[in-house]
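1. Turn this into a model:
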Amino acid sequence: MIPQIDVRNCVARKSYAGELEFSFAAEDELLDIPFVSFASPVTAHLRYEIFEDDAVEVKGTVSFTLRGECSRCLTETEETFSHEAEALFLPAEPLGEEYGYSGGVVDLKEFLRDTVAFALPARLLCETCKEE
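-> Alright, predicted model coming up:
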């Protein structure tokens, strides 16, 4: 389950920064590589900071493991990927590449989906094919 950041609650407690560590199941529809699947849940290690204008900056790392057939030789293989991510959530409707939030609650689902999508490789290769 993906947690949310309750900005109103944090501001009321005068807690303007924090950390989140959790795992969640990635959407299989994100994978565009034949015969490959997520071998484990996605693990997220995020830090957030709430600014005076109620904008929320989220930074951190997501990591996941893919398992399937090598895109070149079809040998069964597995590889772990890690990706640094950063986003700014504004207390309004999102504009362009920004994320927005409403009701004082930051929903991280779209941000994490985008982060996993950006971290996915174009193909999965075994160790032998990587060396070639």
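2. quick one, phi/psi of the residue nearest to the spatial centre of the chain?
-> What sits nearest the mean C-alpha location of the chain, by Cα atoms, centre = their mean, is Leu112, with 3.2 Å. Phi and psi for Leu112, reported as degrees, to the nearest 10, are phi -70, psi -40.
3. Tell me which residues are up against stretch 36-53.
-> 5, 7, 10-11, 16-26, 28, 31, 56-69, 78, 91, 106, 108, 112, 116, 124 (Cβ atoms under 8 Å, 6 or more residues apart in numbering). For glycine as for every other residue, the C-beta is placed from the backbone atoms N, C-alpha and C.
4. Show only the entries of these found in strands.
-> Using DSSP state E, the members of those that fall within strands are 5, 17-24, 56-69, 78, 106.
5. Tell me the buried residues within those residues.
-> 5, 20, 24, 56, 58, 60, 62-64, 66, 68-69, 106 (16 or more other Cβ atoms under 10 Å).
6. Greatest separation within the residues you listed: which pair is it?
-> Val56 and Glu69 (40.4 Å; Cβ to Cβ).
7. Doesn't Phe80 belong to a strand?
-> Quick fix: residue 80 reads Thr, not Phe. Yes: assigned with DSSP: H, G, I helix; E, B strand; the rest coil, Thr80 falls within a strand.
8. okay but it is in contact with Ser63, surely?
-> Yes: counting by Cβ atoms under 8 Å, Ser63 is a contact partner of Thr80 at 6.2 Å.
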